[in-house]
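> Sequence below, structure please.
(chains A and B)
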Amino acid sequence: MANGGAQPTREIAGQNTLFTRTMHDMAYDPVRDEIVVPQFYAFAVLTFRGDANGNVPPIRKIFGPSTQLQHPMALAVDWIHGEIFVPQNDRILVFPRDADGDTAPLRIIGGENSGLRASRVTVDPVHDLVIVSGNGLTIYDRTASGMAKPRAFISSEAAREASLLTTNPESGMIFASVRPGGRYRAEDYVGVWSIYDKGNAPPRYTIGGPNGLLKDARGIAVDAKNKNVIVSDKSLNAILTFHLPEAF
Amino acid sequence: MTLNRTRSKVELRRTGLLAGFLLLAVAAGLVISGSRKAQETASFGRERLVSWEALPEMDGEMCEWVPASASSSLMAALAPQDSGTTAAAGRPRLSAAQLEEISKREPLYTVTDPHFGYAGIAVDPVRNEVVLAEENLSRLLVYDRLENTPPAASMSEPKRMIGGEATFIEYACSVYIDPASGDIFSVNNDTMNWMPVFGRDARGNVSPKRKLRTPHTTFGIVADEAEQELFLTIQDDHAVVVYAKEAQDHDAPLRILQGDRTRMADPHGIALDTKRNEIFVSSWGTYNERPPLSEGGGGGNVDRPDFPVGRRRAFPGSGKIDPPSITVYPKNAEGDTAPLRVIQGPQTQMDWPTALASHPERGEIFVANDTGDSVIVFRADANGDVAPIRVIQGPRTMVKNPTGVTVDVKNNELWVANFGSHAATVFAIDADGNTPPKRVIRSGPVEAPSPKLSNPHTVAYDSKREEILVAN
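Take a look at the predicted model:
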C-alpha cells in the first residue's frame, strides 16, 4: 500500500495524452479496464487503457460540436451498462462508453430551467441510480432523461456541502467529500450516506473530520475489497486512506 | 546552509506540481457488478455475489430545499433521530459516541512528499539570491545564489521562507524579482486568484506588501522594466493580461491579448525579449472558442468586465486540440492579434512547454520542457517547425520535469527548477546535451522518491492493479 513519499508506479503524462493541468475528476472502469478523464479546455472526454503508462494517447475521445460539452469538470462511468455521465450545471449529458469522435449525447438529464445544479455525479449501476451533488444530493433513476423527477433528494446541510462523489454499490453507500469552506481549517470530511436516505438526512458516518485531519477534501474513491476510503486533500497536498468497514 | 538531515514532519507534509496522472500502488481489489433485475447476482472477473433490492418509488413532491442559513452542530445532527430512513436502509444508525470515534479515526496510509517541490524560479543577481516557488507546502524559498548542496548532504536549508495563510500564496507556480527593489512577485495557479508581492526581506507567515486581484489560472509572469508593466498568462482564458507593474487590489489590466487569431491555447510560460521588444508565450495546445473580446470581457471564474472573455461564455462543443507552440507578439500587442511567428511542430521537441526565459543579447529562448525532461533552446527569430539549437537532457543533467527556467544574464547562467527531482540546477548559459549542472540546490536526498503530488483534485481506484490514480 502506497504510503509516505512513495514513488508513483507509473505516470500518464505528456503531450500525447492531451491532458491539461486542470483535471478535476476521472473514473476507472473495472469491466473494460479503462480510465476515463474529462478534458477541461478541449471540451472532451478521454479514455485510456487501464494499464496506460507514459506519454500515450487516449484510445478514444468524445470531442466535437455535437457533444455539447463545455468545460467538463466531472464525470462518472456506469461500467455495467456502458455509459458515461458528464454533469454540466443545469444538465447531465449521457454518452455511450464506446463513443469516439463527434458524438451527440444519448440522452440529457435536466436542461434549461430544470433547477438542476449538477456539480459532480456518480453512478450506482447495481441499484440503477445516478447521484448528483450540487446544493444537495439528488438521486435519479439511471435511465432518467429530460425533466424526469428525481427519486430522492438529500437536503441536509452536509449534503449541500458535498462535492466529489463515489459509491459502493454492494452496500448502497454514497461517499462524498464535504467542504464547509476554507482551506486552512480542518473542517472538511468524508460524508457517507445510504442510497435510501432522503430529506434532511445527515451523513451516516464521517471520516477525517470535521475537526479532524482534512482541510480541503476533494477526490474520493473506495477500495471495496479492503473496505477503505481514499481521499485527496489539496491543502495537505496528500492522499489519505481510511479504513471504514462500517460503510461496506 | 547545508544540513545532513531531513526537515521536520510538521514542516514537510506536502508536495509539488506536474499535471498528469500519478499512479500509486496500493492494496488489493476486485470488480463489483450487478444487473437490472431485482435479487439478481452478477459476476465480473472472479466470482463475487452482489445482492440488492430495488429502491422504492418516491411519492409526492420533491423534498423542500433547506434554506442555506440552516445550521446545526454536525455531531448533534448525526444523532439518529432525524432522518427517518433507518428502517428503509436496513442499517441502524450508530450512536453519537461511535460516530465520534469514526470521525477521528487516523488514516491507514498517507501519501505525501517530505521535501519541497520546486516549481517556479527567479534569480536576483544584484543581491546574489535565488527565489524558488514550491508547490508542496506552498512556500517561497530564498537561497544564496551560490548555494551548492554537497552530494552527501540531504538538502540545503533556505535563507528565508515565506508561506502561510496570511501570505496569499497557494500553489505558487511562477515568481518574478524586481531588479531595483528586490520585491518578489508570486503567481498562484489555481486556488488563489491574487498575486501577492513581498519585500525582499519578508519571511514567515506575513501579509504581502500589496496584492493584485487576477483572473483565474494565472501561470507565467514577466515584467517590462522599461515600461513598468507586468505580463501574466491566463490558462483558462487563453490570454495574456498586462498590468501596471505597481498595480494592486482590484486595479484593471492595461490591456488584454486574447482571441482566436492569437493562437494561444492553454498558455503557460512567458518571456520578454527586451532587444526585439517581443513577448514569447508557450502553449500546451488545447483551447475553446468564445465571443470576441471586442464584445466585452468577463464571464470568467473571477467575473469582471475588465478581465478576458471568461470560461462561462465559451461555446459548447467548441474545444480544439493543437500541437504545443511558442507564439511571438510585439510587446504592446492587444486584442485579437495574430502572432509575428509561431514555433510549432514535431521537430521542436516541445512536450508540455511550461516556462520560458529570454536572453536578449544571445538572441535565445529557453524552454522548460516538462514531460520532455529537458530544457530546449531556440533562436529568438525561430519560426515554424524548427529543431532546437541546443537540448539539455539526460541523467547527468538532473533535469526532471522542469517547470521553471530563468536566465542570469549578469553571470551567464541558466537556472532550472525541476519538480520531478527536488532540485534546482544551474548550468552555463551555453550548456548542451547530457551536461552535469555547475551547481545544484536540493530539497531532499539525491535518490529520494518523488510522489509528484500537486494540487491533487481527484482520485480513482484501479481495483485490477490495486493502485490509486491521482490527477494533479
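> Quick check: A:Pro210 touching A:Arg185?
No - look at A:Pro210 against A:Arg185 with C-beta atoms under 8 Å: they stay out of range, at 9.2 Å. (C-beta placed from N, C-alpha, C; glycine too.)
> For these two, work out which one has more neighbours and name it.
A:Pro210 (19 against 15; other C-beta atoms under 10 Å in any protein chain shown).
> Just the C-alphas of stretch A:42-51, formatted as CSV.
Only the C-alpha atoms of stretch A:42-51 are listed here, as CSV (Å, rounded to 0.1, in the frame of the first residue of the first chain):
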residue,chain,number,x,y,z
ALA,A,42,-10.7,20.9,-25.3
PHE,A,43,-14.3,20.0,-24.2
ALA,A,44,-13.5,16.4,-24.5
VAL,A,45,-13.8,13.0,-22.7
LEU,A,46,-10.6,11.0,-23.0
THR,A,47,-10.4,7.2,-22.5
PHE,A,48,-7.2,5.4,-21.8
ARG,A,49,-6.3,1.8,-21.4
GLY,A,50,-6.2,0.8,-17.8
ASP,A,51,-2.5,-0.1,-18.0
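> Same question for it: list its buried residues.
By neighbour count with 16 or more other C-beta atoms under 10 Å in any protein chain shown, stretch A:42-51 contains the buried residues A:42-48, A:50.
> Go through these and name the one nearest B:Val302.
Using C-beta to C-beta, A:Phe43 comes nearest to B:Val302 of these, at 21.0 Å.
> ok so, going back, and which of the buried residues of stretch A:42-51 is nearest to B:Arg263?
Nearest to B:Arg263 among the buried residues of stretch A:42-51: A:Ala42, at 15.1 Å, using C-beta to C-beta.
> ok, the closest one to chain B distance?
4 Å (C-beta to the nearest C-beta, to the nearest Å).
> which residues does that residue contact?
With contacts defined as C-beta atoms under 8 Å, 6 or more residues apart in numbering or on different chains, the neighbours of A:Ala42 are A:18, A:20, A:63, B:286-288, B:319-321.
> Quick one, which of those are buried?
The buried subset of the contacts of A:Ala42 - by 16+ other C-beta under 10 Å - is A:18, A:20, A:63, B:286-288, B:319-321.
> Sitting in strands, which of the residues you listed do you find?
Those of the buried ones among the contacts of A:Ala42 mapping onto strands are A:63, B:286-287, B:320-321, per DSSP state E.
> Tabulate the residues you listed (CSV), appending distance to A:Asn113.
Formatted as CSV, these follow (distance: C-beta to C-beta, whole Å):
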residue, distance to A:Asn113
A:Phe63, 28
B:Thr286, 31
B:Tyr287, 30
B:Lys320, 30
B:Ile321, 33
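> now, the most widely separated pair of those residues?
Longest distance between any two of those is 12.8 Å, between A:Phe63 and B:Tyr287; criterion C-beta to C-beta.
> any residues in contact with both of those two?
The contact sets of A:Phe63 and B:Tyr287 overlap at A:42, B:319 (C-beta under 8 Å, 6+ apart).
> Let me see the residues that make contact with stretch B:338-350.
Contact with stretch B:338-350 is made by A:15, B:261-263, B:278, B:282, B:322-330, B:367, B:369, B:372, B:374, B:376, B:378, B:381-388, B:391, as judged by C-beta under 8 Å, 6+ apart.
> Look at it and report the distance between its end residues.
Distance across stretch B:338-350, first residue to last, is 21 Å (C-alpha to C-alpha, to the nearest Å).
> Next, the buried residues of that stretch.
B:339, B:341-344, B:348-350.
> Can you select the buried ones among the contacts of stretch B:338-350 for me in PyMOL?
A single PyMOL command selects the buried members of the contacts of stretch B:338-350 (16+ other C-beta under 10 Å):
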select buried, (chain A and resi 15) or (chain B and resi 262+263+278+282+324+325+326+327+328+329+367+369+372+374+376+378+382+388+391)
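> Keep only those of the contacts of stretch B:338-350 that are in strands.
Per DSSP E, the subset of the contacts of stretch B:338-350 in strands is B:278, B:282, B:325-330, B:367, B:369, B:374, B:376, B:378, B:391.
> Count the neighbours of B:Thr337 for me.
15.
> That one touches B:Arg261, doesn't it?
Yes - counting by C-beta under 8 Å, B:Arg261 is a contact partner of B:Thr337 at 6.5 Å.
> burial count for residue 152?
In the absence of a named chain, this looks at chain A. Neighbours around A:Ala152, by other C-beta under 10 Å: 23.
> Hmm, no, I was thinking of chain B.
Using other C-beta under 10 Å, B:Ala152 has 9 neighbouring residues.
> got it, and B:Thr112?
B:Thr112 has 23 neighbouring residues, counting by other C-beta under 10 Å.
> Let me know whether it touches B:Lys452 as I believe.
No - at 11.6 Å, B:Thr112 does not count as touching B:Lys452 under the criterion of C-beta under 8 Å.
> coming back round to it: A:Thr103: which of the ones in strands among the buried ones among the contacts of A:Ala42 is nearest?
A:Phe63 (8.5 Å).
> Any idea what the residue nearest to that closest one when sequence neighbours are not counted is bridged to?
Nearest in space to A:Phe63, with sequence neighbours left out and distances taken as C-beta to C-beta, 6 or more residues apart in numbering or on different chains, is A:Ala44 at 4.0 Å. Following DSSP bridges, A:Ala44 is listed with bridge partners A:Gln39, A:Phe63.
> I'd say A:Ala44 and A:Leu69 touch.
Yes - the criterion here is C-beta under 8 Å, and A:Ala44 meets it with A:Leu69 at 6.7 Å.
> Mutual contacts of these two, please.
Common neighbours of A:Ala44 and A:Leu69 (C-beta under 8 Å, 6+ apart) are A:62-63, B:319.
> can you pull out the helices in the stretch 301-450 of chain B?
For the stretch 301-450 of chain B, no helices turn up when DSSP state H, counting those that start in this stretch is the criterion.
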